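Enquirer: Prediction below, plus the sequence it came from.
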Amino acid sequence: TVLETLEDGVLKLVLNRPDKLNSFNADMHLALRAGLERAERDREVRAVLLTGAGRAFCAGQDLGDRDPRKGGSAPDLGATLDTYYNPNLRMIRGLPKPVICAVNGVAAGAGANIALACDIVLAAKSARFIQAFSKIGLVPDAGGSWSLPRILGEPRAKALALLAEPLGAEKAADWGLIWKAADDDALQDEAMAIARKLAAGPTVGLGLTKQLIQQAAENGLSAQLDAERDAQRQAGRTADYREGVTAFLEKRPAEFKGK
Ligand code: LHQ
């Protein structure tokens, strides 16, 4: 349910249930988690590229799995979040390597918010983001209630979440919700080029940069200055820092090793 390939330091993870618009079932959650765990563990992996197979990126939860007409006791969706969604969200945010997302088509519900948790998000111009939750009586999850107001402010976050209207990729880029909208047929190449560039970068410094920027959401200036000091101390001890400065002084491109 998730295709995994490693190329030039980029671990490409493709959500692969195209006939269900790559909606999440338990299998796909666990396969995504396995991919993210590999990304964390495997030193060869220096960036992750997440995308979807077929015409959608991800339609959120597989609602076919949730048919209330099939009876049974009232479901505990909180347990679904604890067991399946939230560990993957935390892994994407916590991974000390860049995660690029190529939103190849519609991203709805949790599918939209998983994309928005990634570090650099590109979307095909034809792709749409839909906070579909309110259509079925639910609330934004997979981090959406946290990321949307932070990125967009309350007025736009509330309108998207309450109205569940589709937001096109170009408007999403104009609003700063994603990095950029790409022509449909150029999306995968552009996303891969960014992922390759990051995978050839100073991985430790890039990971620390990601973490610092995320910490800023919780820190005041003084705490953030301390965090920068600690991160810079660590970055300054890497071989890649030595190589970066040496290459600059020797007027040649740096060859980073990721350590
Ligand atoms: C689907 C789905 C889908 C199954 C399309 N499931 N089959 C967390 C915790 C626990 C529980 C609940 O949820 C959550 C978080 C969530 O993610 S809640 C939000 C769940 N997602 C949605 O509500 C989105 C539902 N889908 C749609 O609104 C539309 O399908 C979108 C806007 C994504 C795409 O629309 P279209 O391009 O018009 O495609 P379509 O609707 O014709 O769908 C194509 C097929 O995919 C169709 O099956 P069929 O057999 O008729 O070809 C759909 O039934 C199936 N599909 N989404 N989530």
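Expert: Yes, it's here.
Enquirer: can you give me how far stretch 90-103 is from the chain middle?
Expert: 5 Å (Cα atoms, centre = their mean, to the nearest Å).
Enquirer: Could you do stretch 234-241 as well?
Expert: On Cα atoms, centre = their mean, the centre of stretch 234-241 falls 26 Å from that of its chain.
Enquirer: what do you get for stretch 214-233?
Expert: For stretch 214-233, the distance to the chain centre is 22 Å (Cα atoms, centre = their mean).
Enquirer: pLDDT on it, on average?
Expert: Computed over stretch 214-233, the mean pLDDT rounds to 98.
Enquirer: Buried residues of that stretch, list them for me.
Expert: Neighbour counts over stretch 214-233 (16 or more other Cβ atoms under 10 Å) mark A227, A231 as buried. Just so you know, the C-beta spots here come from the backbone N, C-alpha and C atoms, and that holds for glycine as well.
Enquirer: how near is the spatially most central residue of the chain to the ligand?
Expert: In the chain, the residue lying closest to the centroid (Cα atoms, centre = their mean) is C118, at 1.9 Å. Counting by Cβ to the nearest ligand atom, to the nearest Å, the separation of C118 from the ligand is 16 Å.
Enquirer: Could I get the phi/psi values of the nearest residue to that residue once chain neighbours are set aside?
Expert: Excluding the flanking residues, the one nearest C118 by Cβ to Cβ, 6 or more residues apart in numbering is C101, at 3.7 Å. Main-chain torsions, C101, degrees, to the nearest 10: phi -120, psi 130.
Enquirer: Likewise for L3?
Expert: According to degrees, to the nearest 10, L3 has phi -90, psi 140.
Enquirer: since we're on it, how many residues are nearby?
Expert: 13 (other Cβ atoms under 10 Å).
Enquirer: what bridges to it?
Expert: When bridges are called by DSSP bridges, L3 pairs up with V14.
Enquirer: from memory it sits against L11, does it?
Expert: No: contact criterion Cβ atoms under 8 Å: L3 and L11 do not qualify, at 10.9 Å.
Enquirer: wouldn't the residue nearest to C118 be in contact with T51 here?
Expert: Yes: shown here, C101 and T51 form a contact pair, counting by Cβ under 8 Å, at 7.1 Å.
Enquirer: overlap in contacts of those two?
Expert: A191 (Cβ atoms under 8 Å, 6 or more residues apart in numbering).
Enquirer: Find the nearest non-adjacent residue to the residue in the stretch 101-250 of the chain positioned nearest to the ligand, please.
Expert: Distances between the stretch 101-250 of the chain and the ligand by Cβ to the nearest ligand atom are smallest at G109, namely 2.6 Å. Nearest residue to G109, sequence neighbours excluded (Cβ to Cβ, 6+ apart): G60, at 2.5 Å.
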